[in-house]
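Colleague: 3D, please:
(chains A and B)
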2 protein chains.
Amino acid sequence: MKMNPLRISQFMNSNSDKFYSSYKLSDALADDKFSESAKMPETVTEEKQNEGPAETPKESRNIVLTGFGGLKTLKVLKKPEPKPAEGEVLISVKACGLNFVDLMVRQGVLEHPPKTPLTIGFECAGDVEAVGENTEGFAVNDRVIGFINYGAWGEKVTVQAKYVYKMPSNMSYQDGSALPMNYLAAYIMLFDIGNLKKGMTVFSHNIGGGVGNALGQLCKTVEDVNLYGTASEHKHEAVKDNVTNVFNRTSDYCQEVRKLSPEGVDIVLDCMCGEDTNKGISLLKPMGKYILYGSSNIVTGETKSFFSFAKSWWQVDKVSPIKLYDENKTISGFQLRNLAFQQNQDAYIRGVMNELFKLYTQGKIHPVIDSSYAFEDIADAMMKMHDRKNIGKLILDPTMEPKPKVQSAPSVEGASPPDQNKDDKEENKDGVVNGEQQ
Amino acid sequence: MKMNPLRISQFMNSNSDKFYSSYKLSDALADDKFSESAKMPETVTEEKQNEGPAETPKESRNIVLTGFGGLKTLKVLKKPEPKPAEGEVLISVKACGLNFVDLMVRQGVLEHPPKTPLTIGFECAGDVEAVGENTEGFAVNDRVIGFINYGAWGEKVTVQAKYVYKMPSNMSYQDGSALPMNYLAAYIMLFDIGNLKKGMTVFSHNIGGGVGNALGQLCKTVEDVNLYGTASEHKHEAVKDNVTNVFNRTSDYCQEVRKLSPEGVDIVLDCMCGEDTNKGISLLKPMGKYILYGSSNIVTGETKSFFSFAKSWWQVDKVSPIKLYDENKTISGFQLRNLAFQQNQDAYIRGVMNELFKLYTQGKIHPVIDSSYAFEDIADAMMKMHDRKNIGKLILDPTMEPKPKVQSAPSVEGASPPDQNKDDKEENKDGVVNGEQQ
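Modeller: Below you'll find the model as predicted:
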């Protein structure tokens, strides 16, 4: 692996009391926050004393978000290998899943952004390396999936055992790391909220995305289900076997759906919100269910202020229960991470994961993997997702060698000079995204 | 059967072009509308010519709503026996179901009240007496249930074949007539909207009512389901075997539920609307579903104007999809008659009815019948329901003899002088009901 650290800086994450050591950090690109953090060497010394001066502490390379904004905010940094606390499992990570929401985390456009610096990422798969005290159900070398509220993108990651799942023996690490965010969401929405049954018709935005792929496979597990969806035109060929009909993202999808199903559809899955909410509700047949699960609304206005993004996402009409009563309709909201990490539904989620494992073992679901990237190539991976060029899941693999850089840059992060252009491009398009597309 | 017509008047229903002949009509109690209708003898003569002068036409005794208001608006009248049109079945009725919504129909407090005069009632059971042209699936003497949007309360009733269901051989007419309004609603809400699963907890208002009884039995078909409900105190003993916990109607039910299930419940079934909607939504655990299925809100204000009733029922906060997204919650509206008769979901409803027949045959559901009444005693039946004195279903039986009246009144309708007191009492309490409790 190519290692060319120019400067090692160490700083403390004031929220988590965890220590990071950065490598490959370009001074020119270090933002204020990061520099500020770097002014805290005392605690690091203290840690070194604890570790003992003769012993070189084990380290973990992590993808760390150092502030909010473009690609330059992400650094691959070394931190001391964490130890699993009581109820935790230490995973030696082999694959991590990238999701659209990670781009939004980076931009700081989530309603409750995390405090930086921190290791980001929500899903990974690997081997159990150690088990905390009083932690039942796992042993060293178990092949597992970890689901975590930030912190998945590291070589060594601790995850609460209640969000760790033993993989079926025939499941690859890549497939495992692709399950939590996309397949849990798709399964719960289709079966537990939507109550998908034989003969039903489903409409979903962004059918070429991670959740969309999962929806396609899961819909096929039920007899005679029609799935309509929207996708960028260049994805139509790739998704056509997965859906009954695919419409262009920019088409009048309501009209298209009504041509095919004049009576409406049974389930609408909406990650757009805003004015698409009313459209989605209008597409429902009686007994139909509209499920809002996030937003990928892109505002192309001049301002980049957070509140102007927020406006576009929050501008959604409230719904009268009386209207639902008159029309026999249902509206639901679904936010997987809230469910798991704020609302503590770990037992429920484990049950769903077990159902997914059964379907995987039966060959009924199988994540479509687009490509894998080294941690150091996170910028390339994010750009591909941002430009909607991926067909299937993008995987971050900590064991992979980074791609050789064309220019001999003084730094190897994603935020090196050639990447700066990407950053600008991305901020214009992506910096105005709010809500969340899981 | 006691027959003592004092005056026969005939009038035409201008909406349906059907002819009614009234008997046992008290002049003193005939309201303006009815008297007006009675001034149209010409059309009746015309019909008689068609029938031929030597032939006495077959007649059907029906419970007819002659206007909106108290009990006096209901008359038992004779009309010519209807002939089944194409796609219709003529049923010789043995039992009809009474529902709370019938009281509201009578008061004219539904959003879209029917035009009077008309035969009311939504459900009946009996034998097929004739089948219309090009009507498949039924033969004379089939024992059937009829589901109809007004018109069920007659000796002879025509029902569209798509809303006629052959009863299992072990089902009584009473049980059959008790299924459509209560059991269809309860089944659809629990299983198709609520997606009831093992271990869930359900809360329902008015657990001692018709839908409540059905809910109790249907919840027991699923393992480890808890059912909480509210009921008038005098019904607690009767419903206790059907529910896990019952609270007084006037209690702080939110507090009571939270004592038992601090994390909330999975399904809330609300027939109250208004401020109970917010309370219901607040009781949901993550992934919980709130279902509004009608209203039995009673406003005890001074005015009886329709718009003041309406205010109480429509005063319900709109719900933000974003709130549902944050909280992982669902809200649904359910209106069975809209679904069946405005939204043409007859095939879906037939599927549900078949599921109910299976459960009945397996002994898992069985309507609780409170008592049966002759058509002429409709006022007594409605008063019992209004006063919440019934435990289970009230049945109207066209073959029953009416109860002997204590006073020798000049008329035998429900609106005779002793009933007039009931009327006043009822208007004070019941005349201010809006929405619908199915």
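Colleague: Distance of A:Pro57 relative to chain B?
Modeller: In this structure, A:Pro57 lies at 40 Å from chain B, with C-beta to the nearest C-beta, to the nearest Å as the measure. The C-beta positions use only the backbone N, C-alpha and C, and glycine is treated the same way.
Colleague: nope, A:Gly70 is what I meant
Modeller: Here the distance between A:Gly70 and chain B works out to 27 Å (C-beta to the nearest C-beta).
Colleague: My reading is that A:Leu196 is in a helix; is that accurate?
Modeller: No - residue assignment for A:Leu196, taken from DSSP: H, G, I helix; E, B strand; the rest coil, gives coil, which places it outside any helix.
Colleague: I'd guessed it sits against A:Asn226; true?
Modeller: No - with contact defined as C-beta atoms under 8 Å, A:Leu196 does not count as touching A:Asn226 (11.2 Å).
Colleague: any shared contact partners between these two?
Modeller: Counting by C-beta atoms under 8 Å, 6 or more residues apart in numbering or on different chains, the contacts common to A:Leu196 and A:Asn226 are A:Val202.
Colleague: Compare these two and say which is more crowded by neighbours.
Modeller: Relative neighbour count places A:Leu196 above the other of A:Leu196 and A:Asn226, with 22 against 17, counting by other C-beta atoms under 10 Å in any protein chain shown.
Colleague: which ones are touching the more buried one?
Modeller: Taking C-beta under 8 Å, 6+ apart as the contact definition, A:Leu196 lies against A:Leu190, A:Val202, A:Leu218, A:Cys219, A:Val222, A:Val225, A:Asp266, A:Ile267.
Colleague: for the stretch 201-350 of chain A, what spans make up the strands?
Modeller: Ranges of strands within the stretch 201-350 of chain A are A:201-204, A:226-231, A:245-248, A:265-270, A:284-292, A:330-333, based on DSSP state E, counting those that start in this stretch.
Colleague: Of all the ones you listed, which one is nearest A:Lys389?
Modeller: Set against A:Lys389 and scored by C-beta to C-beta, the strands of the stretch 201-350 of chain A come closest in strand A:226-231, at 12.4 Å.
Colleague: hang on, the earlier thing: make CSV out of the strands of the stretch 201-350 of chain A and add mean pLDDT and distance to A:Asp380.
Modeller: As requested, the strands of the stretch 201-350 of chain A are exported to CSV (pLDDT from 0 to 100; distance: least, C-beta to C-beta, whole Å):
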stretch, mean pLDDT, distance to A:Asp380
strand A:201-204, 98, 27
strand A:226-231, 96, 22
strand A:245-248, 94, 27
strand A:265-270, 96, 29
strand A:284-292, 97, 31
strand A:330-333, 97, 33
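Colleague: Out of those, which gets nearest to B:Cys124?
Modeller: strand A:284-292 (24.3 Å).
Colleague: Now tell me what touches the closest one from outside.
Modeller: With C-beta under 8 Å, 6+ apart as the contact definition, strand A:284-292 has outside contacts at A:189, A:193-195, A:261, A:263-271, A:273, A:277, A:280-281, A:327-334, B:188, B:192-193, B:321-322, B:324-325, B:330, B:332, B:338-339, B:343, B:345, B:348.
Colleague: Out of the contacts of A:Leu196, which end up buried?
Modeller: Buried members of the contacts of A:Leu196, scored by 16 or more other C-beta atoms under 10 Å in any protein chain shown, are A:Leu190, A:Val202, A:Leu218, A:Cys219, A:Val225, A:Asp266, A:Ile267.
Colleague: which one among these gets closest to chain B?
Modeller: Nearest to chain B among these, counting by C-beta to the nearest C-beta, is A:Asp266 at 10.5 Å.
Colleague: what's the closest of the strands of the stretch 201-350 of chain A to A:Asn390?
Modeller: For the strands of the stretch 201-350 of chain A, distance to A:Asn390 was read as C-beta to C-beta. The smallest value, 11.9 Å, belongs to strand A:226-231.
Colleague: hang on, the earlier thing: of the contacts of A:Leu196, just say which sits nearest to A:Ala139.
Modeller: Using C-beta to C-beta, these come closest to A:Ala139 at A:Leu218, 31.1 Å.
Colleague: The closest one touches A:Ile365, doesn't it?
Modeller: Yes - contact between A:Leu218 and A:Ile365 holds when scored by C-beta under 8 Å: they sit 6.6 Å apart.
Colleague: Many thanks, I have nothing further to ask.
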